[in-house]
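[1] here is a sequence with its predicted model. Questions after.
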Amino acid sequence: MKRTRVWTTGSSVTMLLLSLSLATACSQSGAGKPPQEAPQASVKSKEPVELVVYNVSNAGATAEAFMESDIGKEIKAKFPHVTIKFIATGKGTTPAELAISGQPIDLIISSIYSYPVLADNSLLYDMSDLITKNKYDIGRLEPTAIEFQKLFGNGAIYGFPVSSTPVALFYNRDIFDKFGVPYPKDGMTWDEAYELAKKLTRTDSGTSYYGFATRYPFMYNTNQLSLSYYNPKTQTVSVSDDKFRLFMENFTRFAQIPGNEKATTDNFMKEKNVAMMAYQIGRWDFDSWDMVSMPTFKEAPGVGPQNYSTFMNISSTSKYKDQAFDILMALTSDEYQMSISKSGTLPIVRTPEVIKAFGQNADAASGRNFKGKNVSAFFPQKRPTPSYVTKYDDAIAKRMNTAFADISAGTKDAVTALREAQEAAAKDVAAFKK
């Protein structure tokens, strides 16, 4: 029953690499032209310079941790003339406070969810001229990450993805073996995953086993249906249509399986009594886990989760935009991306060799031993159009979290819960706009 999967085998992986090879060649070369070399940092000036790096996504980040990270080490190695001053968001260092104080910022580390507050404080800078000036081929990068940039910025590109988070359906082989249930498989639908979850939710010898766990906010953030809480074209909250109902009913039904109500992602990681978990990779102290591709909606066949990238952006306040762009080119070079890919961080370039190398150097000591694991699950052949992100999303999300809890508990049906969320969120947004 146990299966061993290796990245270098399997027809699906072969097809993925072939499609990536063709896509990369087309995006880089154009019709009839040989592929270009991946751009390298030009390092136009070796003059000593201090660059301010601002992490807007992590209030607990420290300068020491940053300089020991992959990004920090790469800057130190490739740009010895650059001194980094690191700032993390927090009390006194929010985007608004830094903008008011006039604190110079050169590079901003962010997720997509920080873009609205950065835009509100005029800290984003369109890099299009720098991209043209340096003849940088953005076709090398994860296309939906660039698509998000263009959607948010009406064609502007404020930053590049520098890494991404592996997302999949993880499962505990021991639980499947214990109850004689076949392992999940790549290409399942959510309906098939639901049937498996029902079989594996049970109590045995006084121990509760849960069939499935996830976190609603995470599943929305990576949703496969291109759902958005707020429609910027109509300037309205949009959470009560049929697609949102489909999405909500899909995940709340797992919570409604008798005995599965209390399943959490922590149960998968710590108690190890969850059979399947739809979430991001963790660092786990057991090895009997594997993963398959995220199940798909039959209404959106073959569509994987949205890309979950970390971005590096050039600040509008930077006096050293050329030097900052050189760093971005280094962080998106095949050399750097190969290094992080081997260590088990999801790369954001489409170079087949870089993708094929994923996890090769990760070991048990790092908590990410990918030997024999189905790492192809992290690389869906198709991703959805990115969701819109707006400054109203947090307020709307609170209403949607309540709706999810009500539907899961069976106190309200999806139509009622979403209608009430829509009405309440619309009032919240209206008050926010005043």
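    Yep, that arrived. For clarity, every value in this text was computed on a predicted model and none was experimentally measured. Numbering: from 1, shown residues only.
[2] what's the mean pLDDT across stretch 221-232?
    Per-region confidence: stretch 221-232 scores 96 on mean pLDDT.
[3] oops, could you answer that again for stretch 313-333 instead?
    Here stretch 313-333 scores 98 as its mean pLDDT.
[4] now do the same end-to-end measure for that stretch.
    When the termini of stretch 313-333 are compared using Cα to Cα, to the nearest Å, they are 16 Å apart.
[5] which residues in the protein form strands?
    49-55, 82-88, 107-110, 159-164, 167-172, 202-204, 207-213, 230-231, 236-237, 274-280, 289-292, 309-314 (DSSP state E).
[6] can you name every helix or strand that the last one contacts?
    By that I understand strand 309-314. strand 107-110, strand 159-164, helix 321-331 (3 or more Cβ pairs under 8 Å, 6 or more residues apart in numbering; DSSP states H and E). Yep, even glycine has a C-beta here, placed from its N, CA and C like the rest.
[7] and of these, who's closest to residue 260?
    strand 159-164 (29.5 Å; Cβ to Cβ).
[8] could you tell me the angle between that closest one and strand 274-280?
    Following axes from the mean of the first three to the mean of the last three Cα atoms, to 10 degrees, one obtains 160 degrees for the angle between strand 159-164 and strand 274-280.
[9] what sits up against strand 159-164?
    With contact meaning Cβ atoms under 8 Å, 6 or more residues apart in numbering, strand 159-164 is reached by 70-71, 108, 110, 127, 138, 141-142, 145-146, 149, 307-314, 328, 331-332, 340, 345-348.
[10] re the thing from before, could you save the helices and strands packed on strand 309-314 as TSV and add columns showing mean neighbour count and distance to residue 397?
    TSV is the format used below for these (neighbours: other Cβ atoms under 10 Å; distance: least, Cβ to Cβ, whole Å):
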stretch	mean neighbour count	distance to residue 397
strand 107-110	26	18
strand 159-164	24	22
helix 321-331	22	30
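[11] residue 98: which of those is closest?
    Evaluated over the helices and strands packed on strand 309-314, closeness to residue 98 peaks at strand 107-110, with 10.1 Å, by Cβ to Cβ.
[12] spit out the contact partners of residue 56.
    By Cβ under 8 Å, 6+ apart, residue 56 lies in contact with 89, 95, 108, 109, 110, 114, 117, 118.
[13] thinking again about what came up before, got the helices and strands packed on strand 309-314 as a markdown table, with distance to residue 282 columns?
    Conversion of the helices and strands packed on strand 309-314 to a markdown table gives the following (distance: least, Cβ to Cβ, whole Å):
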| stretch | distance to residue 282 |
| --- | --- |
| strand 107-110 | 21 |
| strand 159-164 | 15 |
| helix 321-331 | 24 |
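[14] any weak-confidence spans in this structure?
    Scanning the chain for pLDDT under 70 picks out the ranges 1-45, 364-367.
[15] let's see it at 50
    Residue ranges of the chain with pLDDT under 50: 1-43.
[16] can I see the domain layout of it?
    Under the assignment automatic domain parsing, the domains of the chain span 49-165+308-360, 168-305+387-433.
[17] figure out which of those is closest to residue 373.
    Nearest of the domains of the chain to residue 373, taken as Cβ to Cβ: domain 168-305+387-433 at 5.5 Å.
[18] measure the closest one end to end?
    Span of domain 168-305+387-433 from end to end, Cα to Cα: 37 Å.
[19] and stretch 163-175, by the same measure?
    In stretch 163-175, first residue to last residue: 32 Å (Cα to Cα).
[20] farthest residue from the center of this structure?
    Within the chain, residue 205 marks the point farthest from the mean C-alpha position, 38.2 Å out by Cα atoms, centre = their mean.
[21] tell me how far it lies from residue 238.
    According to Cβ to Cβ, to the nearest Å, residue 205 and residue 238 sit 48 Å apart.
[22] same thing with residue 334?
    Per Cβ to Cβ, residue 334 is found 40 Å from residue 238.
[23] quick one on the thing from earlier: got the domains of the chain as JSON lines, with distance to residue 374 columns?
    Below are those laid out as JSON lines (distance: least, Cβ to Cβ, whole Å):
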{"stretch": "domain 49-165+308-360", "distance to residue 374": "11"}
{"stretch": "domain 168-305+387-433", "distance to residue 374": "6"}
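[24] looking at those, which is closest to residue 375?
    domain 49-165+308-360 (5.3 Å).
[25] related to what we said a few turns ago, distance to residue 216 added to the contacts of residue 56, as a markdown table?
    Shown next, in a markdown table, are those (distance: Cβ to Cβ, whole Å):
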| residue | distance to residue 216 |
| --- | --- |
| 89 | 25 |
| 95 | 27 |
| 108 | 28 |
| 109 | 26 |
| 110 | 23 |
| 114 | 21 |
| 117 | 23 |
| 118 | 26 |
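[26] now the two most distant members of the residues you listed.
    Spatially, the most separated pair among these is 109 and 117, at 13.8 Å (Cβ to Cβ).
[27] okay, helices next: where are they in the stretch 151-300 of the chain?
    For the stretch 151-300 of the chain, the helices defined by DSSP state H, counting those that start in this stretch cover 173-178, 190-200, 216-221, 242-255, 265-266.
[28] which outside residues touch the shortest one?
    Helix 265-266 has contacts (Cβ under 8 Å, 6+ apart) with 213, 214, 215, 274, 277, 279.
[29] now for the third one: which residues touch it?
    Taking Cβ under 8 Å, 6+ apart, we find residue 215 in contact with 265, 279.
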